[in-house]
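Chemist: What would the 3D arrangement of this be:
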Amino acid sequence: MTDEPGDEAPRAGVPQTPRLPKLLEAVLSVGTDLGLRATLQQIIETAAALTGARYGALGVLDPEHGTIRELFVCGVTDAEREAIGDLPDGHTGMLGALIDESRPLRSDDLTADPRSSGLPPGHPPMHSFLGAPILVHDEVFGNIYLTEKSTAHFTDTDAALLRVLASQAGIAIGNARLYETVRQRERWIEGAAAVTNTLLTGENAADALMTVAERARILSDATAGVILQPTEEGGMEIVVASTLDDPAGLVGTAIEPGSPVLVQLLGGEPVFLEDSATDPRMTTHVRSRFGPSMMLPLQSGGRLIGTLALPRRRGGPPYTAVDRLLASQFASQAALALVLADAQHDREQLAVYEDRDRIARDLHDLVVQRLFATEMMLESTRRRAATGRTDELLGRAVDELDSTIQEVRTTIFALQQPPAEAPTTFRGQVLRETRGAAAVLGFPPSVHFTGAVDALVREPVGGQLLAALRGALAAAHRRAGVSEIDVVVDATAVLPDGRAAVRLTVRDDGREEDGSRPPAVSWQAPL
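Modeler: Here you go, the predicted model:
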């Protein structure tokens, strides 16, 4: 092969041509942008311009499979690229030969070259070819492909130019890849720190898991971020899901016991899938919606909290080794944060319980005893006093003290209930209803219990009385001038036929539309 007119023979591998200033300019410009994708596109455009090629492509290799993972092109229109279709596999034809030999290759006519396997339908016609590998720290990162030289064939000078550019491109790509890895690591570290700070501010369990799933989805550029937790049957079930698309059908999806994926996860091993839809280890009905996926155990101190799954869409880019490493580190940090948040929540709840116990003890030991002693003194005084107005006033004072004692005992019982849990006893349910009404009424109703309410009142009687209580409280709220409501639950009542019963009585000081006071409302049911 001969050089183009005006080309001089290369000396010591460096082209001594009028294109040298352009080469130096290209070498200086390559890598000025630390973004890897921008650098790759700049490299192929520079290579095509320097060698006079009509078409150019830079194929990025998948280090795990040796195939072309991504292709950057120039000289091809969008319509032509659409007509070409899928990426070449990189194992056949001139592209495969270039990957196998890892050295520059030239061909004057691809149609007659035995190393060529032809072009796919819709591909523009190509004859002359020049290719060179891009090495990054002795590792083949990708290859540059140039075709259709404007003067029919590529020269030795073109090959020398491409070698120089590929060498400089390798350095630029190494820097860009290092920068991208550092930035990616920084984002994951910031994300893990943000998750830890958020979890330790006191979120509930569901919100904490959603925080982990959503932040991991964003950092990994996944279609969905889901958390699975072990089930009583020995499987795992999706409990929260953060998605870009419709999450329908995700929450509640379970991995059955004995699944190969589940065995790995329960053993604390991560699972990496190239295609969730076709991997035989996946058995869930939602797998057809996803492609590459990572399933990372959330464990800390030997305790398995659950699994963080990060699937990408079908046909999405596979996760790299760096992606897997950073996501695994994030999962470990998130698991630790979840454990710490859970422990902090337990400590805070314990502190609330201890404080409530102290208040209840103080109320019982001091206030109730003093009130009871005062009540007994007044009762004794009333008996000794002469009949008349004094006796009436003392009687009212005794009744008020007795009512106060009942209120304090009710308060002590309420303090002993878990603050964030629904009450299970009838007494607790009555107090919950009255506390809820207090937010609407603007004042708390007074509640009195007589007898062993919790031991005697069972369903369905309890549910009927609670419904009646809600109706009475709502009716009182609608009346004018209500400033006081008394609720009495008496488990010592007796029906006319002698059967034991429970009686609910609700009184208020409001006014009916005609100005009259409403009568007390009472319900009773046999026990």
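Chemist: Tell me the buried residues in the strand or helix carrying residue 306?
Modeler: Element membership for residue 306 (DSSP states H and E) is strand 303-313. Under the neighbour-count criterion of 16 or more other C-beta atoms under 10 Å, strand 303-313 has 304-312 buried. Where C-beta positions appear, they are placed from N, C-alpha and C, glycine not excepted.
Chemist: from those residues, which two are the most distant?
Modeler: Across these, the longest distance by C-beta to C-beta is 24.5 Å; it joins 304 and 312.
Chemist: burial measure for residue 193, as a count.
Modeler: 12 (other C-beta atoms under 10 Å).
Chemist: re earlier: helices or strands next to the strand holding residue 306 in the packing?
Modeler: helix 205-220, strand 224-230, strand 236-243, strand 290-300, helix 321-362 (3 or more C-beta pairs under 8 Å, 6 or more residues apart in numbering; DSSP states H and E).
Chemist: now for those, which one comes closest to residue 519?
Modeler: Checked against C-beta to C-beta, the stretch from the helices and strands packed on strand 303-313 lying closest is helix 321-362, at 35.8 Å.
Chemist: all helices of the chain, in order?
Modeler: All helices of the chain, identified by DSSP state H, fall at 20-29, 36-51, 78-84, 93-101, 156-199, 205-220, 260-266, 321-362, 369-384, 389-415, 426-441, 453-456, 461-478.
Chemist: what comes into contact with the shortest one?
Modeler: By C-beta atoms under 8 Å, 6 or more residues apart in numbering, the residues outside helix 453-456 that reach it are 425-427, 489, 491, 500, 502, 527.
Chemist: Tabulate those (CSV), appending neighbour count.
Modeler: Listed next are these as CSV, based on neighbours: other C-beta atoms under 10 Å:
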residue, neighbour count
425, 15
426, 24
427, 20
489, 21
491, 20
500, 13
502, 24
527, 17
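Chemist: Pull the most distant pair out of those.
Modeler: 425 and 500 (18.9 Å).
Chemist: How about the contacts made by residue 479?
Modeler: Contacts of residue 479 (C-beta under 8 Å, 6+ apart): 508, 510-512, 518.
Chemist: want to throw the helices and strands packed on strand 303-313 into JSON lines with mean pLDDT and distance to residue 379?
Modeler: Shown next, in JSON lines, are the helices and strands packed on strand 303-313 (pLDDT from 0 to 100; distance: least, C-beta to C-beta, whole Å):
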{"stretch": "helix 205-220", "mean pLDDT": "83", "distance to residue 379": "52"}
{"stretch": "strand 224-230", "mean pLDDT": "87", "distance to residue 379": "60"}
{"stretch": "strand 236-243", "mean pLDDT": "86", "distance to residue 379": "59"}
{"stretch": "strand 290-300", "mean pLDDT": "88", "distance to residue 379": "62"}
{"stretch": "helix 321-362", "mean pLDDT": "76", "distance to residue 379": "25"}
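Chemist: could those go into TSV alongside distance to residue 147 and mean neighbour count?
Modeler: Shown next, in TSV, are those (distance: least, C-beta to C-beta, whole Å; neighbours: other C-beta atoms under 10 Å):
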stretch	distance to residue 147	mean neighbour count
helix 205-220	37	20
strand 224-230	40	23
strand 236-243	42	22
strand 290-300	31	22
helix 321-362	32	16
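Chemist: from memory residue 437 sits against residue 473, does it?
Modeler: Yes - under the criterion of C-beta atoms under 8 Å, residue 437 makes contact with residue 473 at 4.4 Å.
Chemist: between these two, what contacts are shared?
Modeler: Contacts common to residue 437 and residue 473, judged by C-beta under 8 Å, 6+ apart, are 445, 485.
Chemist: who's in contact with the residue nearest the centre of the chain?
Modeler: Taking C-alpha atoms, centre = their mean, the centroid of the chain lies closest to residue 213, which sits 1.7 Å from it. Residues in contact with residue 213 (C-beta under 8 Å, 6+ apart) are 225-227, 240-242, 308.
Chemist: Which positions in stretch 255-268 come out as buried?
Modeler: Buried residues in stretch 255-268, counted by 16+ other C-beta under 10 Å: 255, 259, 261-262, 264-266.
Chemist: Tell me which two in those residues are the farthest apart.
Modeler: Longest span within the buried residues of stretch 255-268, C-beta to C-beta: 255 and 264, 10.9 Å.
Chemist: quick one on the thing from earlier: what's near enough to touch the residue nearest to the residue nearest to the centre of the chain when sequence neighbours are not counted?
Modeler: Spatial nearest neighbour of residue 213, chain neighbours left out: residue 225 (3.9 Å); criterion: C-beta to C-beta, 6 or more residues apart in numbering. Contacts for residue 225 (C-beta under 8 Å, 6+ apart) come out as 212-218, 241-243, 308-310.
Chemist: Please repeat the previous calculation with a cut-off of 10 Å.
Modeler: 210, 212-219, 240-244, 308-311 (C-beta atoms under 10 Å, 6 or more residues apart in numbering).
Chemist: what's the distance between the residue nearest to the centre of the chain and residue 185?
Modeler: Computed as C-beta to C-beta, to the nearest Å, the residue 213 to residue 185 distance reads 21 Å.
Chemist: do residue 93 as well
Modeler: 37 Å.
Chemist: Which one of the two is surrounded by more residues?
Modeler: It is residue 93, of residue 93 and residue 185, that has more neighbours when counted by other C-beta under 10 Å, with 17 against 14.
Chemist: With adjacent residues omitted, what lies nearest to that one?
Modeler: Closest to residue 93 by C-beta to C-beta, 6+ apart is residue 117, at 3.7 Å.
Chemist: Appreciated, that's everything.
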